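Chemist: Build the 3D model from these lines:
(2 chains)
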Amino acid sequence: MTTETLLKVENLKKHFPIRGGILGKEVGSVKAVEGVSFEVKKGETLGIVGESGCGKSTTGRMLLRLIEPTEGKVYFEGQDVTKLSTGDMRKLRRDMQMVFQDPFASLNPRHTVEKILEEPMKVHGIGTPKERKQKVRELLEIVGLSSYHAKRYPHQFSGGQRQRIGIARALMTQPKLIIADEPVSALDVSIQSQVLNLMQDLQKEFQLTYIVIAHDLGVVRHISDRVGVMYLGRMAELTDSEKLYDKPLHPYTQALLSAVPIPDPLYEKDAVVLEGDIPSPSNPPSGCAFHTRCPFKMDVCSQKVPELREHEPGHYVACHLYTEEGSAAGQNKQPLEEGKYE
Amino acid sequence: MKTQEKVLDVKGLRVSFFTDEGEVPAVDDIDFYVREGEVLGIVGESGCGKSVTSLSVMGLIPSPPGKIIGGEIKLNGEELTTASEKRMRQIRGNDVAMIFQEPMTSLNPLFTIGNQLMDAMLIHKMGNKKQAKQRSIEMLKLVGLPRAEELMNDYPHQLSGGMRQRVMIAMAMVCNPRLLIADEPTTALDVTIQAQILKLMKDLNTKMNTAIMMITHDLGVVAETCERIVVMYAGKVVETGPAVEIFKDPQHPYTRGLIQSVPDMRYKKQRLYSIPGNVPKPGSIKQGCRFADRCEFAFDRCRQEDPPLYQTAEGHSTRCFLFDEKEETAHDNRNTVKS
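Modeler: Purely as a prediction, here's the structure:
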């Protein structure tokens, strides 16, 4: 892994308008993403975790401008992606590809696998028809299918095989960055591990950089070098995957980790069961969005939004427990050791 | 208090679907039981027959094309496969209740929560309207929902996913059933909400002594809630035993593979174990052990004969020839599995 930055995201925002009334005036907005910043280094895997509605998928799509950001900048190899024309953006997508969650919905049922896989090369004008066909067969073998599968249609494959086709399609243009949005969540357990292993093998073989968006914390730990935890459109914590799982700083991360069922009946954990539901992103709580459910809530939490700051080298956290305001309030309850609440 | 009495006893159950392409066996000769007050987990991947099993117990197999073609299902000693529809209607909701994966589609969007909760009680003649309302409010409080009185007049779309699942549980528990069947109850929910619902189900299990049959694909959920486990693969029970033993010493190569292929959040492995091949379509394997094609220990006999369940310890059995004492080749392999 080099230290070269491949992708840099600055203060990315997306507000979806809510229209109402007979004139369709904008009456409010869903703040899906509220200022997210992070960097991705060449060759690493950044995992983005969070629960439904936290904005992780919207963030992923904005990087490719499949959804136009409301505000903020995305630099890919130093170039500001948000300023590019549609034509230039299309050219750039050769280097940034996406793998989708649902392998049933993301492959055109009327096209053969060959046509599906050939498409990205055609769009980008790569190779002659013969070369393209050759490449399709090559990649099918690489992702663990056979070259004779090229003539088949998507419905003739199982879920795991379709996801392999989705991955092969993303690889057709030899991209540098792959954004995978819930790549294994639609698959059976025994198939999940096959696809995760395949993704790791491909990363080594083609020096790929991954952004993996998922809700399964086990999957994210397995595949990621660094992990960002999102809650209601903001990044709550961002650090190395080892650090995040061993010593989570943000109370939300702590609760999230302790909520995951561990496949070991003898494992005794002191579960922190969070009260309440995730608030609606159209009307997020004031201050820190997590304060309505946080066991360490202080006065400052409902007034001021905590910034994402570097608490320890390489460990970013957005929580007042670690800011001056929090300490100054004199109520700084040091978060207890992992899992040991009360 | 836990007794040895079986609330549910299923023996030799076979369910097939009769389609244009012929008979597709979804559940093929399965045996299991649920004891009073215990939590039994039924684990398996898509198409293994776990949901069909639960629907058979409820008498809800869509017929046609589905049909129970053999075996018996005894609930509190009463045979359900031959029970009349009228009798089944009395049993459903009263003695055995079910909650489903998707709480939105299992609640009627046109009726208020109160209406739907009271319905079950009125149908089972558990009292008049006033008593039913009283009890519904009590149940909503019991499942941890705030402002229960107001909720009675709310419609399902006004609630979040976690709240809807709580309402479903309240509805299932309203007649105090002896058995609750939960089919992937937390799969559609976020982890923090999942933790709340699992805790609630465990509390109800201890408080009201309701036996729970938990159907899931998530090994973490099983490990956290269940006392005993039934592992299913392609319509068969491949292993059954106490949860602790199955996780500590999985015997069937499939169970073992399944447990190893789940990424454990507590530590990072360099590489995950993965079971080769795909989950077979129901009815596609006609001869021999259903798992033989994906099994690294398979030998000739596995592809020709159907293995029976071998009892390997008290209350723990496995459907695998590696545990046949007479099988010579199996001995070395079995040791490999164990090591």
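
Chemist: where along the stretch 1-150 of chain B do the helices fall?
Modeler: Secondary structure of the stretch 1-150 of chain B by DSSP state H, counting those that start in this stretch: the helices cover B:50-58, B:85-91, B:103-106, B:113-123, B:129-142, B:148-151.

Chemist: Tell me the bridge partners for the residue nearest in space to the middle of chain A.
Modeler: Closest to where the C-alpha atoms of chain A average out (Cα atoms, centre = their mean) is residue A:213, at 2.5 Å. Beta bridges link residue A:213 to residue A:48, residue A:181, judged by DSSP bridges.

Chemist: weakest of the helices of the stretch 1-150 of chain B in terms of mean pLDDT?
Modeler: Looking at the helices of the stretch 1-150 of chain B, the lowest mean pLDDT belongs to helix B:103-106 (a mean of 79).

Chemist: Run the chain-centre distance for that one.
Modeler: 18 Å (Cα atoms, centre = their mean, to the nearest Å).

Chemist: what about residue B:154, helix or strand, and which?
Modeler: Of the helices and strands defined by DSSP states H and E, none includes residue B:154.

Chemist: Verify the contact between it and residue B:112 for me.
Modeler: Yes. Between residue B:154 and residue B:112 a contact is recorded at 6.4 Å, counting by Cβ atoms under 8 Å. Using the backbone N, CA and C atoms, a C-beta is placed for each residue, glycine as well.

Chemist: on that earlier part again, identify the residues contacting the residue nearest to the centre of chain A.
Modeler: Each residue near residue A:213 by Cβ atoms under 8 Å, 6 or more residues apart in numbering or on different chains is listed here: A:47, A:48, A:56, A:57, A:59, A:60, A:179, A:180, A:181, A:182.

Chemist: I'd like the distance from the third one to chain B, if you could.
Modeler: Distance of residue A:56 to chain B, given as Cβ to the nearest Cβ, to the nearest Å: 12 Å.

Chemist: And for residue B:276, the neighbour number?
Modeler: Residue B:276 has 12 neighbours, counted by other Cβ atoms under 10 Å in any protein chain shown.

Chemist: before we move on, what about residue B:31?
Modeler: Residue B:31 has 16 nearby residues by other Cβ under 10 Å.

Chemist: Out of the contacts of residue A:213, which is nearest to residue A:23?
Modeler: Nearest to residue A:23 among these: residue A:57, at 30.8 Å, using Cβ to Cβ.

Chemist: so the closest one is in which element?
Modeler: Element membership for residue A:57 (DSSP H and E) is helix A:56-63.

Chemist: How about residues contacting that helix?
Modeler: In contact with helix A:56-63 (Cβ under 8 Å, 6+ apart) are residues A:7, A:9, A:12, A:14, A:32-33, A:36, A:48-50, A:67-69, A:74, A:81, A:96, A:98, A:179, A:181-182, A:211, A:213, A:230.

Chemist: Could you report the neighbour count for the residue in the stretch 1-150 of chain A that chain B sits nearest to?
Modeler: Relative to chain B, the nearest point of the stretch 1-150 of chain A is residue A:51 (3.8 Å; Cβ to the nearest Cβ). When neighbours are defined as other Cβ under 10 Å, residue A:51 has 22 of them.

Chemist: Need the pLDDT of it.
Modeler: For residue A:51, pLDDT reads 86.

Chemist: I'd like the distance between it and residue A:91.
Modeler: Per Cβ to Cβ, to the nearest Å, residue A:51 is found 35 Å from residue A:91.

Chemist: wait, what's in contact with the closest residue to residue B:133 other than its chain neighbours?
Modeler: Nearest residue to residue B:133 in three dimensions, chain neighbours excluded: residue B:118, at 6.1 Å (Cβ to Cβ, 6 or more residues apart in numbering or on different chains). Contacts for residue B:118 (Cβ under 8 Å, 6+ apart) come out as B:129, B:132, B:133, B:136.

Chemist: Wait, the first one touches residue B:122, no?
Modeler: Yes. If you go by Cβ under 8 Å, residue B:129 and residue B:122 touch, sitting 7.0 Å apart.

Chemist: higher neighbour count, those two?
Modeler: residue B:122 (13 against 10).

Chemist: Thought residue B:130 was touching the more buried one, still the case?
Modeler: No. Between residue B:122 and residue B:130 there is no contact under Cβ under 8 Å: 11.2 Å.

Chemist: any idea how far residue A:199 is from residue A:205?
Modeler: From residue A:199 to residue A:205 the distance is 11 Å (Cβ to Cβ).

Chemist: neighbour-wise, which of the two wins?
Modeler: It is residue A:199, of residue A:199 and residue A:205, that has more neighbours when counted by other Cβ under 10 Å, with 22 against 10.

Chemist: so which residue of the stretch 101-250 of chain B comes closest to chain A?
Modeler: Closest approach between the stretch 101-250 of chain B and chain A, counting by Cβ to the nearest Cβ: residue B:220, at 3.1 Å.

Chemist: residues from the stretch 101-250 of chain A in reach of chain B?
Modeler: By Cβ under 8 Å from any Cβ of the partner chain, the residues of the stretch 101-250 of chain A that approach chain B are A:158, A:160-161, A:188-194, A:196-197, A:200, A:215-219, A:221-222, A:241-242, A:245.

Chemist: Name only those of those residues that count as buried.
Modeler: A:158, A:160-161, A:188-194, A:196-197, A:200, A:215-219, A:221-222, A:241, A:245 (16 or more other Cβ atoms under 10 Å in any protein chain shown).

Chemist: For residue A:294, grab the count of nearby residues.
Modeler: Other residues close to residue A:294 by other Cβ under 10 Å number 21.

Chemist: what's near enough to touch it?
Modeler: Applying Cβ under 8 Å, 6+ apart, we find residue A:294 in contact with A:251, A:252, A:288, A:301.
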